[in-house]
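[1] Sequence first, predicted coordinates after that:
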Amino acid sequence: MQTLVLEGYLAADPSILSAQATGKKRASFRVLETTRFRRADGTPGERTTGFNCICFSEATTEKYIEAFARKGGRVVIQGHVENDSWTGKNGVEHYDLRVVVADIRLKNRRERTTEDEAGDGPVDRQVREPASGYDLNDDIPF
């Protein structure tokens, strides 16, 4: 199996789904990655690619994605690519690639509040990371 590492931004708030039989939660979201380049004539260009992602880990979905992931948030995803196919209502066969998330790193983490969920605006509080026990004002030993 090949591993994919992807860094980009969330295109929208993640969709949190529950399995009908077991009630286990999973998250579905889209990550956008932009590549900047120079054309042969020297003019700048850019290309944005969207990746459909799904996370089956209930713990990751509840503790990180549901609580902290927001539209526009920067993420680093590690996972593998999987083919997905289905038949539409009109009988046409559809194909898609999706990234099955094994690990996710959320940059710019913010805690979701009840006011934010109600759509009253950006009332988020910055989440503080636990102290590491090191004083940044101490002398560096090297």
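    Alright, I've got the coordinates. Everything quoted here is computed from the prediction, not taken from an experiment.
[2] CA only for contacts and neighbour counts going forward, please
    OK.
[3] neighbouring contacts of stretch 83-95?
    The contact list for stretch 83-95 (CA atoms under 8 Å, 6 or more residues apart in numbering) reads Asp96, Leu97, Arg98.
[4] So which of those residues is the closest to Val5?
    Arg98 (13.1 Å; CA to CA).
[5] pretty sure that closest one is touching Glu82, no?
    Yes. Using CA atoms under 8 Å, Arg98 is in contact with Glu82, at 5.5 Å.
[6] Looking at those two, which one has more neighbours?
    Arg98 (18 against 11; other CA atoms under 10 Å).
[7] And the host helix or strand of that one, how far out from the chain middle?
    Here Arg98 sits within strand 93-106, counting by DSSP states H and E. Taking the mean of its C-alpha atoms, strand 93-106 sits 10 Å from the chain's own mean (CA atoms, centre = their mean, to the nearest Å).
[8] Would you mark the buried spots in it?
    Within strand 93-106, the residues scored as buried using 16 or more other CA atoms under 10 Å are Arg98, Val99, Val100, Val101, Ala102, Ile104, Leu106.
[9] Let's have those in TSV, adding pLDDT and distance to Ala12.
    Shown next, in TSV, are the buried residues of strand 93-106 (pLDDT from 0 to 100; distance: CA to CA, whole Å):
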residue	pLDDT	distance to Ala12
Arg98	93	16
Val99	95	16
Val100	94	18
Val101	95	17
Ala102	93	20
Ile104	93	16
Leu106	89	14
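[10] so which of those residues comes closest to Cys53?
    Val99 (4.6 Å).
[11] what's the spacing between the closest one and Arg105?
    15 Å (CA to CA, to the nearest Å).
[12] Where do the strands of this structure begin and end?
    Applying DSSP state E to the chain gives strands spanning 4-10, 15-18, 25-38, 44-55, 74-87, 93-106, 110-111, 125-126.
[13] Looking at these, which is nearest to Ile65?
    That would be strand 25-38 among the strands of the chain, by CA to CA, at 7.3 Å.
[14] who does the closest one touch, helix- and strand-wise?
    Judged by 3 or more CA pairs under 8 Å, 6 or more residues apart in numbering; DSSP states H and E, strand 25-38 is in contact with strand 4-10, strand 15-18, strand 44-55.
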